[in-house]
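S.K.: after the sequence you'll find the predicted model.
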Amino acid sequence: MNFSDLPNSAEVEKELKREKYKLRYKKTLKSTVFALITASAAAVLIATLWLPVLQIFGSSMTPTLQEGEVVLSVKTDNLEPGDIVAFYYGNKVLIKRYIAGPGSWVNILEDGTVFVDDALLVEPYVSERSLGICDLEFPYQVPEDTYFLVGDHRSTSVDSRHSSVGCISEDQIVGKIVYRVWPFEVFGTIE
C-alpha cells in the first residue's frame, strides 16, 4: 500500500464536516416538513370545525354581501336577531339573516314591512322592501327549536318565507357570519 494514496487529515476532516452537514440538513428538513403538515392539519380542523370559511354565491344577501366575497363564520349557540347565519340546506350552505326565534310571531305585509311579535322590525340592511317569494300565511308562528331566516334582497331570496326552505333547526346551522376576508378592500366585520 502506498501512503500517498491515503487521504490527508484535512481531506478527512472536510469529508466529516460534509457528512455532518448532510445529517443536520436531513434532520432539519424532516422537522420542517413535519411542522408544516401538523400546522396544515390544525388549520383544516379549525376551519372545518370552528371557523368555516365560505364564499358568497348569488344575490340573496345584497347589499350586505356581494357575490364572490369570502366570509368567515364562527360556530356559536348564541344567535341574536339581526345576525347573519350560514346553514345547511340539502347539499348546499346558504346564508340568510336571522329575524325571529322559536315561538315568535312573524307578520310580513304585502309591501314587505316586517313585524316580529307585533313590533316593527327596523331593517337598515334592506334596501328594497318586498314580500318576495312567499307561500306562508301571516301572521306565522316560528316552530319550537327553529329560526326564521330571510335574505336581505327580499324580492329574490328564497328563504323561511317559502315552504321549500322553511324554518331552520339548530342542527342545520353552520355558524354566524362575522368577518369578510375577501376582497381586501372590504375586509372587516359584518353588521
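M.R.: Nice, I can see it.
S.K.: for Arg161, which residues are in contact?
M.R.: Counting by CB atoms under 8 Å, 6 or more residues apart in numbering, Arg161 makes contact with Ile108, Leu131, Gly132, Ile133, Cys134, Asp135, Leu136, Val150. C-beta coordinates here come from the backbone N, C-alpha and C atoms, glycine included.
S.K.: now do the strands in the chain.
M.R.: Secondary structure of the chain (DSSP state E): strands located at 53-55, 70-74, 84-89, 92-100, 105-108, 114-116, 119-120, 140-141, 146-150, 168-169, 173-182, 188-189.
S.K.: could you measure Ala39 against Lys26, distance?
M.R.: Computed as CB to CB, to the nearest Å, the Ala39 to Lys26 distance reads 20 Å.
S.K.: then Phe138?
M.R.: 71 Å.
S.K.: and Leu16, how many neighbours?
M.R.: 10 (other CB atoms under 10 Å).
S.K.: what do you get for Arg24?
M.R.: Neighbour tally, Arg24, other CB under 10 Å: 10.
S.K.: next: Val174.
M.R.: Val174, neighbours per other CB under 10 Å, totals 17.
S.K.: correct me if wrong: it contacts Pro52.
M.R.: Yes. Counting by CB atoms under 8 Å, Val174 touches Pro52, with 5.6 Å between them.
S.K.: on that earlier part again, ranking the strands of the chain by burial, who's on top?
M.R.: Scoring those by mean neighbour count under mean count of other CB atoms under 10 Å gives strand 146-150 as the most buried, with a mean of 25.
S.K.: put the alpha carbons of it into PDB.
M.R.: Taking C-alpha atoms only, strand 146-150 is exported to PDB below (Å, rounded to 0.1, in the frame of the first residue of the first chain):
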ATOM      1  CA  THR A 146     -86.200  26.600  14.800                       C
ATOM      2  CA  TYR A 147     -85.200  30.000  13.400                       C
ATOM      3  CA  PHE A 148     -86.900  32.200  10.800                       C
ATOM      4  CA  LEU A 149     -84.200  33.400   8.300                       C
ATOM      5  CA  VAL A 150     -84.600  35.700   5.400                       C
END
